[in-house]
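A.B. asks: Using only what follows, build the 3D model:
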Amino acid sequence: MSKKPLNQELFDEPFAFEFFQAVRLLERIYSDRKTVGRDALPNEEVVRFRSRIGLFLDIFTHRSVSMFYRAWAKYRFPIAYERGDREFTSYIFDLAGLGTNGLRGRMAIDDESLLPYVGLIGQKPHSVNALENMISDYFGVTAKVDQYFGQWLDLSDEDTTKLGKSNSELGRSSIIGTRVWDQQSKIRVRIGPLKFKQYQAFLPNGSAYRQLHSMIKFLIGFEFDFDLQLILAAKQVPSSVLTTKAVRRPMLGWTTWLKTKPFVADDDQLVLQTGDSLTEN
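C.D. replies: Numbers count the residues shown, from 1 in each chain. Presented below is the predicted three-dimensional model:
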């Protein structure tokens, strides 16, 4: 692999680049000049296309090749995006359910980072495979979703049984206790096996936690709850160091292990109860 700057490599070895790639790079390098085929003066354009037939024919050669390049770039979304055109981006936001400015900028994850997954986001209802694939691709980890994990739901005071007052009809409205089990309102998202740095990033004080929370909530909606199970690879489990001078200070329940010998299995003890307590920015 060459260690030269890309622009220097283009000038030294132009034959190593495809035509469209070379013109695109020149437009990026000389961004202060007019783009190809925009009816500018010759000395204002990024590049002039010439053949050896003659200077007169250069006029037609330049124009025809310029139009050829423009035709190639016209319907390629990444090229338009590089030039600052956001019209097509707005169409993709529509498909993702973020079509207005009021719907954007409310999550910890950058809205535009969700656009590559619009094919998955646009499917209704959202599938477990879609959630797993989005997490795995965006964060570069293995993700597995356990469905129908279930949870206890607290009953409101008016729904509980009060003898002689309310909800006390045996076999119809009476309930023993103040909560009920709901099998379908919660999932568990398993992340890992992870390296230790990845594991730290997904902790509540880590750099990836809020982004992951936003991505999951955006896809599953607020009618479902979830928790996170972080799986640390066996070889990555560190020994605890009880000192304030350590670079990595142990956090009880998160990064502390009573380790006397190497682990033979991945550690999956940590389950983070997320619920809806995390406020989005």
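
A.B. asks: Tell me which residues of the biggest helix by length in the chain come out buried.
C.D. replies: Counting residues, the longest helix found in the chain (DSSP state H) is helix 55-74. In terms of neighbour count (16 or more other CB atoms under 10 Å), helix 55-74 has its buried residues at 58, 61-62, 65-66, 68-69, 73. Heads up, the C-betas are built off the backbone N, CA and C, glycines and all.

A.B. asks: would a markdown table of those with pLDDT and distance to residue 195 be doable?
C.D. replies: Shown next, in a markdown table, are those (pLDDT from 0 to 100; distance: CB to CB, whole Å):
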| residue | pLDDT | distance to residue 195 |
| --- | --- | --- |
| 58 | 73 | 58 |
| 61 | 81 | 55 |
| 62 | 81 | 53 |
| 65 | 89 | 50 |
| 66 | 89 | 50 |
| 68 | 91 | 48 |
| 69 | 91 | 44 |
| 73 | 88 | 40 |
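
A.B. asks: Can you name the two of these that sit furthest apart?
C.D. replies: 58 and 73 (22.0 Å; CB to CB).

A.B. asks: Would you map the strands across the stretch 151-281 of the chain?
C.D. replies: Assigned strands in the stretch 151-281 of the chain, in chain order: 151-154, 179-182, 186-194, 225-232, 267-273 (criterion: DSSP state E, counting those that start in this stretch).

A.B. asks: Which one, of the ones you listed, ends up nearest to residue 4?
C.D. replies: Distance to residue 4, taken as CB to CB, is lowest for strand 186-194 among the strands of the stretch 151-281 of the chain, at 36.9 Å.

A.B. asks: Now do that closest one against strand 225-232: the angle between them, please.
C.D. replies: Strand 186-194 runs at 20 degrees relative to strand 225-232, counting by axes from the mean of the first three to the mean of the last three CA atoms, to 10 degrees.

A.B. asks: what packs against strand 186-194?
C.D. replies: With contacts defined as 3 or more CB pairs under 8 Å, 6 or more residues apart in numbering; DSSP states H and E, the packing partners of strand 186-194 are helix 128-139, strand 143-146, helix 209-220, strand 225-232, strand 267-273.

A.B. asks: Mean pLDDT for these - can I get that in TSV?
C.D. replies: TSV is the format used below for the helices and strands packed on strand 186-194 (pLDDT from 0 to 100):
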stretch	mean pLDDT
helix 128-139	96
strand 143-146	96
helix 209-220	94
strand 225-232	96
strand 267-273	94
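
A.B. asks: got JSON lines for those, with mean neighbour count too?
C.D. replies: Listed next are the helices and strands packed on strand 186-194 as JSON lines, based on neighbours: other CB atoms under 10 Å:
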{"stretch": "helix 128-139", "mean neighbour count": "17"}
{"stretch": "strand 143-146", "mean neighbour count": "17"}
{"stretch": "helix 209-220", "mean neighbour count": "20"}
{"stretch": "strand 225-232", "mean neighbour count": "20"}
{"stretch": "strand 267-273", "mean neighbour count": "14"}
